[in-house]
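Colleague: Prediction below, plus the sequence it came from.
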Amino acid sequence: MSNILDASLAPSGIKKIEWVRSHMSALSQIEKKFEKEQPFKGLRVAVSIHLEAKTANLALVLAKGGAQVFLTGSNPLTTQDDVAAAVASMGVETFARYGVSPSEYEQLLAQTLECHPHLIVDDGGDLVSLLCGDCAGYADELFGGCEETTTGILRLKARERDGLLPCAMMAVNDAKAKHYYDNKYGTGQSVWTAIMDTTNLITAGKTVVVAGYGWCGKGVAMRAKGLGANVIITEIDPFKALDATMDGFRIMKMDDAAKIGDIFVTVTGCKDVIVSRHFETMKDNAILCNAGHFDCEVNVAQLKEMAVSVGERRKNIVGYTLKNGKTLNVLGEGRLVNLACGMGHPAEIMDMSFAVQALALRWLVDHKDGLEKKLYQIPDSIDDEIGWHKLAAMGMEIDRLTPEQEAYLNGWG
Ligand code: ADE
């Protein structure tokens, strides 16, 4: 039933999965518990997450817990076909291929939902959109879901406001064990790994413009500084802008930054952050990429229209030459650079994020009877379990409150 590119690619994908599994200790511990307790027995779980090795591991852990897992990607350019083949060969129904068109991508998601899921794991809100639209007929047994990203949660909040949620949804992104690490350190590392591997250029001494100073933007800026870049931040929120200033970065409008940047990274979650008036003033050979969930931050369609010639310059780099003779280089078609041109976040980071996913799904099962169609925050008990596990896994111990200290902190004064 799976819909993948080529089953014979499985051996390379299996190696990738085995490697990350040996670095995802929180998930391994959860897997052991799930195997014994079978919390998802008899349940169908549809998962839409960038399909790479760490995601495959999450799917396998849920399957060990008794779930029938139906897996798809979360972007037309981020599926790794060998991993898709591998996870399909391990019994997970998989509907994902690299390089599909937007409509083929949506078809793969719809095929995944044909299982009539009880639970969903979404990344950016595409499954929820389909379940509220063309695939509403598949939501008849749906009772809960989890959302991975900041962007997806924004969409869920808008749906909740308008009474349009298809089921109870857990805000996985908002867990401490997720956004403090995944958004900041995961994005910080994986974005620069992808940019440097893709371009084979140096970052030190360059002027890097980071658009957006949320958790992801902070990580991208911090690592750029560490690599020796001169970092400029653009923002629309005065407090985030002040934060960036006090972290030692220059703040300016994109109109001004466009003229001096060598490398641009958008991480705002908003659209049209870099548009034609910016392209016109950019330096020759500027590099543009995006690390936000959707490919609407750098307006590549406008750039294409303005270009007098367009051509691939290197794998995952398209050069757009403008009338003024300058060439602007777009990485990964303006899609998530760390996944479209790289391997995604490090395994130890996705371990924490996916541990939240696994425990949040279990929470939904345990609380099934009282659930409402609203957005739920991750309980502190889940965050704490992962935090303590991770500390122990890294060989660290920390102080604990004495009963007297606890009483002092909880008292009136
Ligand atoms: N691997 C799987 N999902 C990912 C994400 N959202 N970001 C980076 N790496 C990932």
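Modeller: Looks like it came in fine.

Colleague: Can you check the pLDDT for the residue lying closest to Gly66 once chain neighbours are set aside?
Modeller: Computed as Cβ to Cβ, 6 or more residues apart in numbering, the closest residue to Gly66 that is not its neighbour in sequence is Lys41, at 3.5 Å. (C-beta placed from N, C-alpha, C; glycine too.) Per-residue confidence (pLDDT) for Lys41: 98.

Colleague: what's Lys41 sitting at in phi/psi?
Modeller: Lys41 adopts backbone torsions of phi -60, psi 130, taken as degrees, to the nearest 10.

Colleague: Now do it against Phe34, distance only.
Modeller: Using Cβ to Cβ, to the nearest Å, one obtains 10 Å as the distance from Lys41 to Phe34.

Colleague: end to end, how far does stretch 246-255 reach?
Modeller: Start-to-end span of stretch 246-255 (Cα to Cα, to the nearest Å) is 22 Å.

Colleague: Identify each buried residue in it, please.
Modeller: Phe249, Arg250, Ile251, Met252, Met254 (16 or more other Cβ atoms under 10 Å).

Colleague: Out of those residues, which sit inside helices?
Modeller: When DSSP state H defines the helices, the subset of these inside them is Met254.

Colleague: of the buried residues of stretch 246-255, list those near the ligand.
Modeller: The subset of those within reach of the ligand, by Cβ under 6 Å from any ligand atom, is empty.

Colleague: tell me the two of the buried residues of stretch 246-255 that are most distant?
Modeller: Across the buried residues of stretch 246-255, the longest distance by Cβ to Cβ is 14.4 Å; it joins Phe249 and Met254.

Colleague: what touches both of Lys41 and Phe34?
Modeller: Between them, Lys41 and Phe34 share these contacting residues under Cβ atoms under 8 Å, 6 or more residues apart in numbering: Gly65, Gly66.

Colleague: higher neighbour count, those two?
Modeller: Between Lys41 and Phe34, counting by other Cβ atoms under 10 Å, Phe34 is the more crowded of the two (23 against 11).

Colleague: Out of the buried residues of stretch 246-255, flag the one nearest to the ligand.
Modeller: Phe249 (23.3 Å; Cβ to the nearest ligand atom).

Colleague: Test my guess that that closest one contacts Ile233.
Modeller: Yes: contact criterion Cβ atoms under 8 Å: Phe249 and Ile233 qualify, at 4.7 Å.

Colleague: can you tell me how far Leu409 sits from Asp380?
Modeller: Using Cβ to Cβ, Leu409 is found at 15 Å from Asp380.

Colleague: Tell me which of these two has more neighbours.
Modeller: Counted by other Cβ under 10 Å, Leu409 and Asp380 do not tie: Asp380 has more neighbours, with 11 against 8.

Colleague: Need phi/psi at that one.
Modeller: When read as degrees, to the nearest 10, the backbone of Asp380 gives phi -60, psi -30.

Colleague: sorry, back to before: need the residues touching each of Phe249 and Ile233.
Modeller: Here Phe249 and Ile233 have Val210, Tyr213, Ala221 as joint contacts, going by Cβ under 8 Å, 6+ apart.

Colleague: For the first one, give me its contacts.
Modeller: By that I understand Val210. Going by Cβ under 8 Å, 6+ apart, Val210 touches Gly217, Val220, Ala221, Ala224, Val231, Ile232, Ile233, Thr234, Phe249, Val265, Val267.

Colleague: In strands, which of the residues you listed fall?
Modeller: Val231, Ile232, Ile233, Thr234, Val265 (DSSP state E).

Colleague: nearest residue to Ile349 other than its sequence neighbours?
Modeller: Gly186 (3.9 Å).

Colleague: can I assume that neighbour sits in a strand?
Modeller: No: using DSSP: H, G, I helix; E, B strand; the rest coil, the secondary structure at Gly186 is helix, not a strand.

Colleague: quick one: contacts for it?
Modeller: Gly219, His345, Pro346, Ile349, Met350, Ser353.

Colleague: same thing but at 7 Å, please
Modeller: Applying Cβ atoms under 7 Å, 6 or more residues apart in numbering, one finds that Gly186 lies in contact with His345, Pro346, Ile349.

Colleague: ok, and which of these reach the ligand?
Modeller: His345.

Colleague: Point out the residues in the stretch 201-350 of the chain that sit beside the ligand.
Modeller: Asn338, Leu339, Gly344, His345, Met350.

Colleague: Let me know the closest of the residues you listed to the ligand.
Modeller: Gly344 (2.8 Å).

Colleague: who's in contact with that closest one?
Modeller: Shown in contact with Gly344 (Cβ under 7 Å, 6+ apart): His50, Glu52, Lys54, Ser190, Asn338.

Colleague: and what of Pro76?
Modeller: Going by Cβ under 7 Å, 6+ apart, the list of residues near Pro76 reads Gly99, Val100, Ser101, Pro102, Tyr105.

Colleague: so how many other residues sit close to the second one?
Modeller: A count of neighbours around Val100, defined by other Cβ under 10 Å, yields 18.

Colleague: Wasn't it part of a helix?
Modeller: No: per three-state DSSP, Val100 lies outside any helix segment and is coil.

Colleague: Next, Met343: secondary structure please.
Modeller: Recorded secondary structure, Met343: coil (three-state DSSP).

Colleague: hang on, the earlier thing: from Ala139, how far off is the residue nearest to Ile349?
Modeller: As judged by Cβ to Cβ, Gly186 and Ala139 stand 31 Å apart.
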